[in-house]
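A.B. asks: This is the structure alone, sequence omitted:
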């Protein structure tokens with residue numbers, strides 16, 4: 001499974017939901033056009049079971065499933081890859097454990113130089129954000145839209161933007177250099193299929 005070059009990157013919102021509801025929501029987002037799903041769960045109870053079910057539904061829609069933070073969980077469920085934050089291990093360790101075909105993404109916040117370094121070290125994509133006020137990441141340091149343009153000039157792997165992104169403001173980030181828009185509440189605080197379609201419409205006139 002390869003990481004998409006553009007599209008909606010939907011991140012799960014499992015808090016206070018049953019496994020069945022999370023799976024239902026994710027399938028709705030996939031029907032709406034989400035091109036990649038990240039399983040993010042800061043207080044997991046049945047992480048392995050949920051991740052395994054999400055993997056099946058993602059593959060039914062030909063979309064990769066990435067696991068946030070945990071190389072171990074990604075390995076346990078044979079997920080398509082992992083997303084690494086500041087304290088989640090390094091690329092070389094993730095690659096050693098998950099194999100040459102795993103998708104490895106890295107949070108770079110507002111640090112273009114880190115993004116360059118991570119892409120050279122083998123990251124399959126780099127993520128910048130937060131760009132707008134975010135309910136999921138209210139304390140995250142803000143990122144500058146100018147960073148997207150700078151990154152686009154020197155980084156060849158896909159660039160993901162995250163943080164408070166709505167259909168109304170996402171086009172600005174795409175125009176600046178983002179390839180994918182990562183969204184939590186903008187999809188899962190609403191009816192996920194319709195919300196995903198609203199985001200996917202932003203990519204209609206973007207280059208492949």
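C.D. replies: Looks like it came in fine. Not measured: the values here are computed from a predicted model. Numbering: from 1, shown residues only.
A.B. asks: where in this structure is pLDDT low?
C.D. replies: In the predicted model, the chain carries pLDDT under 70 at residues 88, 135-139, 205-208.
A.B. asks: switch to 80 and redo it
C.D. replies: 45, 87-89, 134-141, 205-208 (pLDDT under 80).
A.B. asks: Longest strand in it, by number of residues?
C.D. replies: Taking DSSP state E as the criterion, the chain has its longest strand at strand 103-109.
A.B. asks: Show me which positions of the next helix or strand after that one end up buried.
C.D. replies: Per DSSP states H and E, the first helix or strand lying C-terminal to strand 103-109 is helix 112-120. Along helix 112-120, these residues count as buried under the neighbour rule (16 or more other Cβ atoms under 10 Å): 112, 114-116, 118-119. Quick note: C-beta positions are derived from backbone N, CA and C, even for glycine.
A.B. asks: does residue 82 count as helix, strand or coil?
C.D. replies: Following DSSP: H, G, I helix; E, B strand; the rest coil, we place residue 82 in the strand state.
A.B. asks: How is the nearest residue to it once chain neighbours are set aside assigned, secondary-structure-wise?
C.D. replies: Distances taken as Cβ to Cβ, 6 or more residues apart in numbering place residue 74 nearest to residue 82, at 4.3 Å, with adjacent residues excluded. Assigned with three-state DSSP, residue 74 falls in the helix class.
A.B. asks: same question, residue 62
C.D. replies: Assigned with three-state DSSP, residue 62 falls in the coil class.
A.B. asks: give me the number of residues near it?
C.D. replies: 10 (other Cβ atoms under 10 Å).
A.B. asks: Tell me who's in contact with it.
C.D. replies: residue 1 (Cβ atoms under 8 Å, 6 or more residues apart in numbering).
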